[in-house]
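Visitor: structural data only, the sequence is not supplied:
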């Protein structure tokens, strides 16, 4: 039985990499939801426990992680809409590459102002 | 010009190890990558093994991974593969490698066979041709171009990891008959493709469309089958 040795990375284009990014952001969002369910469940323990859990997030490291969270959610949302268009719009498969770049464009257009404001809050003393 | 080919070699009769081998050959920019492989095989190392038959992009024998992308070696010109750098040449991915660039195509053909890739009809044979309007013929024209080279199926990330998935080519083969107005086996084929390992495994990475040497819009064909399944009846 001949073995199938691992090859080099396949050089896919926009379609393949948006699929890879969709998977990665999906897993990241899943882990966030996992943590989020736990911290929100603290309110069933006591209001103080909930406040302590949320209070633990008020630091610059979590602030940076929040940038990653918003980046992942925005990409996953827009790319999800792209996948819907590819699935249900008859011209979607033909224009999938343009749709991919539209996703990246929209993502960047929303990320930049968000980072401006959010990082200003995180590192600028929170006002 | 001098071109360096970096070829992935594997011969289980000698060793289970895979190795990369480099050969530099003198080629014209308008020569095909297949010509360069011939030069290596005929003038440098006769043990290099690959499939090819017509050498003109019709038989579909010489699909291989050139610089990381599935291409027919006979349709790819040396000047188009960045010949200033070593050109990497590997077997297509997802099928068992038998030797060097030769893979076992049987799983691929099995998937194609399971699609009933022939005209299915009922009732008496007509005495003359089965007529079809130009418009009806055009409906599936794109998927008639397939040459079964497996470039699409072996570019699919789902096919690499899921041995049960039919793969893009089988769906192209089914599409050719599903949308043929003369054929009566549509429901049978749609039922086969409605399987968990059928069209729903497609994740629209478009690697297949990009890899097809015949320019078939493979992902579009798969999406059309998906929509036919959703909206039929």
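Guide: Nice, thanks for sending it over. This one's a predicted model, so the numbers in the text were calculated from it and none came from an experiment.
Visitor: report pLDDT for residue A:3.
Guide: At residue A:3, the pLDDT value in this model is 49.
Visitor: pick out the residue of chain B closest to chain A.
Guide: Nearest to chain A, among the residues of chain B, is residue B:206, at 3.0 Å (CB to the nearest CB). For the C-beta atoms, the positions are set from N, CA and C on the backbone; glycine is no exception.
Visitor: thinking that residue is in contact with residue B:219, fair?
Guide: Yes. When contacts are counted by CB atoms under 8 Å, residue B:206 is listed as touching residue B:219 (5.1 Å).
Visitor: these two: who's more crowded?
Guide: When residue B:206 is set against residue B:219 and neighbours are counted by other CB atoms under 10 Å in any protein chain shown, the residue ahead is residue B:219, at 28 against 25.
Visitor: list the buried residues in the helix or strand where that one lies.
Guide: Secondary structure assigned from DSSP states H and E places residue B:219 in helix B:218-231. In terms of neighbour count (16 or more other CB atoms under 10 Å in any protein chain shown), helix B:218-231 has its buried residues at B:218, B:219, B:220, B:221, B:222, B:223, B:224, B:225, B:226, B:228, B:229.
Visitor: just send those residues back as a markdown table, with pLDDT and distance to chain A too.
Guide: Putting those into a markdown table (pLDDT from 0 to 100; distance: CB to the nearest CB, whole Å) gives the following:
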| residue | pLDDT | distance to chain A |
| --- | --- | --- |
| B:218 | 97 | 9 |
| B:219 | 97 | 5 |
| B:220 | 96 | 4 |
| B:221 | 97 | 9 |
| B:222 | 96 | 8 |
| B:223 | 95 | 5 |
| B:224 | 95 | 8 |
| B:225 | 96 | 12 |
| B:226 | 95 | 7 |
| B:228 | 94 | 12 |
| B:229 | 94 | 12 |
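Visitor: which one of those residues is nearest residue A:17?
Guide: Nearest to residue A:17 among those is residue B:219, at 15.1 Å by CB to CB.
Visitor: biggest helix in chain A by residues?
Guide: Counting by DSSP state H, the longest helix found in chain A is helix A:14-45.
Visitor: give the helix, strand or coil label for residue B:16.
Guide: Using DSSP: H, G, I helix; E, B strand; the rest coil as the criterion, the local structure at residue B:16 reads strand.
Visitor: could you do residue B:7 as well?
Guide: Remark: residue B:7 carries the secondary structure label strand [criterion: three-state DSSP].
Visitor: surely it and residue B:48 touch.
Guide: Yes. Because the distance of 6.8 Å satisfies CB under 8 Å, residue B:7 is recorded as touching residue B:48.
Visitor: chain A: helices as residue ranges?
Guide: Taking DSSP H as the criterion, chain A carries its helices at A:14-45, A:47-55, A:60-88, A:96-123.
Visitor: chain A contacts on chain B?
Guide: Chain B comes close to chain A at residues B:8, B:10, B:12, B:16, B:18, B:65, B:67-69, B:88, B:90-91, B:93-98, B:104, B:155, B:157, B:203-207, B:209-210, B:217, B:219-220, B:223, B:226-227, as judged by CB under 8 Å from any CB of the partner chain.
Visitor: checking the most centrally placed residue in chain B next. Helix, strand or coil?
Guide: Among the residues of chain B, the one closest to the centroid is residue B:150, at 2.1 Å (CA atoms, centre = their mean). At residue B:150 the chain is in coil, as set by three-state DSSP.
Visitor: list the contacts for the closest residue to it other than its chain neighbours?
Guide: In space, and not counting its chain neighbours, residue B:150 is closest to residue B:108: 5.0 Å by CB to CB, 6 or more residues apart in numbering or on different chains. Listed by CB atoms under 8 Å, 6 or more residues apart in numbering or on different chains, the contact set of residue B:108 reads B:95, B:148, B:150, B:153, B:154, B:167, B:169.
Visitor: most neighbours out of the residues you listed, which is it?
Guide: Of the contacts of residue B:108, residue B:153 is surrounded by the most neighbours, 32 neighbours in total, counting by other CB under 10 Å.
Visitor: any idea how far it is from residue B:166?
Guide: Applying CB to CB, to the nearest Å, the value for residue B:153 to residue B:166 is 9 Å.
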